[in-house]
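K.L.:
I need the structure of the sequence given here:
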Amino acid sequence: MTGEDRYLLRKAAADPKGQIAIKHSRHGERHPDRDRLVGLFRGGYLARQGEIMGPHIGGTFTVWQITPAGRARADLSA
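P.N.:
Below is the predicted model of the structure:
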């Protein structure tokens with residue numbers, strides 16, 4: 001697990017809802033953290049919650065929820 005992966009897990013663990021979200025680009029470009037979040041999902045550390053509309057016009061976000069395994073891993077890397 002990379003330092004960036006651990007950072008994302010700690011960020012989700014610190015959120016009151018245990019979530020982390022990435023905003024979709026208007027131009028169809030991938031968010032730089034998307035592949036890392038997918039890797040954490042495949043490892044069982046995050047669960048994908050789906051897409052939501054943000055507070056801004058045209059803003060769509062993909063939301064991920066930290067799992068118990070992810071929280072335990074985040075606690076170990078703190």
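K.L.:
contacting residues for Lys11?
P.N.:
Ile20 (CB atoms under 8 Å, 6 or more residues apart in numbering). C-beta coordinates here come from the backbone N, C-alpha and C atoms, glycine included.
K.L.:
just checking, next helix/strand downstream of the helix or strand containing it?
P.N.:
Lys11 belongs to helix 3-14 when assigned by DSSP states H and E. Scanning forward in sequence from helix 3-14 by DSSP H and E, the next helix or strand is strand 19-23.
K.L.:
Show me where the protein has its strands.
P.N.:
Per DSSP state E, the chain carries strands over the ranges 19-23, 46-53, 60-66.
K.L.:
neighbours of Asp35, just the number please.
P.N.:
For Asp35, the count of nearby residues is 10 (other CB atoms under 10 Å).
K.L.:
So for Asp35, which of the strands of the chain sits nearest?
P.N.:
For the strands of the chain, the distance to Asp35 is smallest for strand 19-23, at 10.8 Å, taking CB to CB.
K.L.:
which non-adjacent residue is nearest the residue nearest to the spatial centre of the chain?
P.N.:
When CA atoms, centre = their mean is applied to the chain, the residue found nearest the centroid is Ile20 (4.0 Å). Closest residue in space to Ile20, ignoring its immediate chain neighbours: Ala12 at 4.1 Å, by CB to CB, 6 or more residues apart in numbering.
K.L.:
surely the one you found meets Ala21?
P.N.:
No. Look at Ala12 against Ala21 with CB atoms under 8 Å: they stay out of range, at 9.5 Å.
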